[in-house]
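Novice: Predicted model follows, preceded by the sequence.
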Amino acid sequence: MVVTQFCPKCGGLLVPIKKEEGSMVLRCSKCGYEISSQQSTYKIETTTSDSTRIRTTSVISDGKAIARKKEEIEQEKEEYYKELFLELLHEEEYGGEET
Ligand SMILES: [Zn+2]
């Protein structure tokens, strides 16, 4: 399995190198920057699950808020549009008088 990865420092190609202890590292062919391939995989997994968790939580709380206040929001919307509509009517009336 060959995974092409690039150096976070200089963007050079990372070459997989087997170390004496048997661990694999990715070494940049340009600047020599080394990343333990295991560590980088773990990092990516952690970030993904964390962001997913945060997103899921916020979605759930959003859904609750919407479900609970849906009627209220609908009412508020109606009121808002009524006011907007009346304001527009008002403006039209004044505009008509001025011209
Ligand atoms: Zn590099």
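Specialist: Perfect, I can see it now.
Novice: quick one, helices of this structure?
Specialist: Secondary structure of the chain, counting by DSSP state H: helices at 37-98.
Novice: near the ion, which residues of it?
Specialist: Within the chain, the positions adjacent to the ion are 7, 9-10, 12, 28, 30-31, 33 by Cβ under 5 Å from the ion. C-betas here are computed from N, CA, C, even on glycine.
Novice: JSON lines please, covering those residues and showing pLDDT and neighbour count.
Specialist: Output for the residues of the chain next to the ion, formatted as JSON lines (pLDDT from 0 to 100; neighbours: other Cβ atoms under 10 Å):
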{"residue": "Cys7", "pLDDT": "93", "neighbour count": "19"}
{"residue": "Lys9", "pLDDT": "93", "neighbour count": "12"}
{"residue": "Cys10", "pLDDT": "97", "neighbour count": "12"}
{"residue": "Gly12", "pLDDT": "95", "neighbour count": "15"}
{"residue": "Cys28", "pLDDT": "95", "neighbour count": "20"}
{"residue": "Lys30", "pLDDT": "95", "neighbour count": "14"}
{"residue": "Cys31", "pLDDT": "97", "neighbour count": "12"}
{"residue": "Tyr33", "pLDDT": "94", "neighbour count": "15"}
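Novice: These in strands, which ones?
Specialist: Under the assignment DSSP state E, those contribute Cys28 to strands.
Novice: Output the residues of the chain next to the ion in a markdown table, with distance to Glu79 appended to each entry.
Specialist: What follows is the residues of the chain next to the ion, written out as a markdown table (distance: Cβ to Cβ, whole Å):
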| residue | distance to Glu79 |
| --- | --- |
| Cys7 | 57 |
| Lys9 | 56 |
| Cys10 | 58 |
| Gly12 | 60 |
| Cys28 | 61 |
| Lys30 | 63 |
| Cys31 | 62 |
| Tyr33 | 60 |
